[in-house]
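Enquirer: Mind looking at a prediction? Sequence and model below.
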Amino acid sequence: MPVYAWVADLPSLFQKPEHCLGMSSLENALSCISPPVGLRREAYKGNTTAVKLFLDLAVPHAYPVNLHGKDWNGWTLLHEACSEGHTSIIELLLARGADIESRNTAGFTCLHLATYNAHIASIETLLAAGATQHARDLDGADVMYTARKQFLVAKTDTLEHRNKKIRFQKILDILRADLDGSADGKKFLNTPWSQHERVVT
């Protein structure tokens, strides 16, 4: 499909703010349906060229693209890219001002998603851009806990599974190194079931 094929659908999307019931203004309605599904699809698939072209074609007050806009699950474009490990799109979106700490409805940050799916390069990119691994999802799990849990439950019955477990071990090493080099130097105990303040040692 040509890149321009889904760009042609923009006018019909932005002419129907009634899709976002209860919005008090046109601006809020546009925020609700932006970014469009076509752009989300390309970010999820890792089509960097299409995503960049779409963002370059976007014109404020005509076809705006809200990088902070979320779908019904609370996912932004950055969530889509991080869940699939598309590092080039992650870098592009961050350069355009995407919110690195945005959370979905489960409380997952982009770093949570990259960690859960064992995308090492994406994790390194997010940490280098300033993502915090202390954010906790709705179950109280931070990024380190998520990595540990995925490492423990990872299977080893096939080569693919064993390689994934190795990636989780490397992720744990990366996260520990990030904590050791943090400015405050604090060590955190993972207490995912507690809704109280974190225990600092």
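Expert: Everything's here; your move. Please read these numbers as outputs of a predicted model, since none were measured by experiment.
Enquirer: Can you show me the helices along this structure?
Expert: 4-7, 10-14, 26-33, 37-45, 48-57, 77-84, 87-95, 110-116, 120-128, 143-153, 159-180 (DSSP state H).
Enquirer: can I get these in JSON lines with mean neighbour count, mean pLDDT and distance to residue 66?
Expert: Where you see a C-beta, it was placed from the backbone N, CA and C, and this is true even at glycine. What follows is the helices of the chain, written out as JSON lines (neighbours: other Cβ atoms under 10 Å; pLDDT from 0 to 100; distance: least, Cβ to Cβ, whole Å):
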{"stretch": "helix 4-7", "mean neighbour count": "14", "mean pLDDT": "38", "distance to residue 66": "17"}
{"stretch": "helix 10-14", "mean neighbour count": "14", "mean pLDDT": "42", "distance to residue 66": "12"}
{"stretch": "helix 26-33", "mean neighbour count": "16", "mean pLDDT": "50", "distance to residue 66": "5"}
{"stretch": "helix 37-45", "mean neighbour count": "19", "mean pLDDT": "88", "distance to residue 66": "11"}
{"stretch": "helix 48-57", "mean neighbour count": "17", "mean pLDDT": "87", "distance to residue 66": "11"}
{"stretch": "helix 77-84", "mean neighbour count": "26", "mean pLDDT": "96", "distance to residue 66": "9"}
{"stretch": "helix 87-95", "mean neighbour count": "20", "mean pLDDT": "96", "distance to residue 66": "12"}
{"stretch": "helix 110-116", "mean neighbour count": "28", "mean pLDDT": "96", "distance to residue 66": "16"}
{"stretch": "helix 120-128", "mean neighbour count": "20", "mean pLDDT": "96", "distance to residue 66": "21"}
{"stretch": "helix 143-153", "mean neighbour count": "19", "mean pLDDT": "93", "distance to residue 66": "26"}
{"stretch": "helix 159-180", "mean neighbour count": "15", "mean pLDDT": "92", "distance to residue 66": "30"}
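Enquirer: neighbours around residue 105, how many?
Expert: 12 (other Cβ atoms under 10 Å).
Enquirer: residues contacting it?
Expert: Neighbour list for residue 105: 73-74 [criterion: Cβ atoms under 8 Å, 6 or more residues apart in numbering].
Enquirer: Repeat that for residue 68.
Expert: So residue 68 contacts 76, 98-99, 102 (Cβ under 8 Å, 6+ apart).
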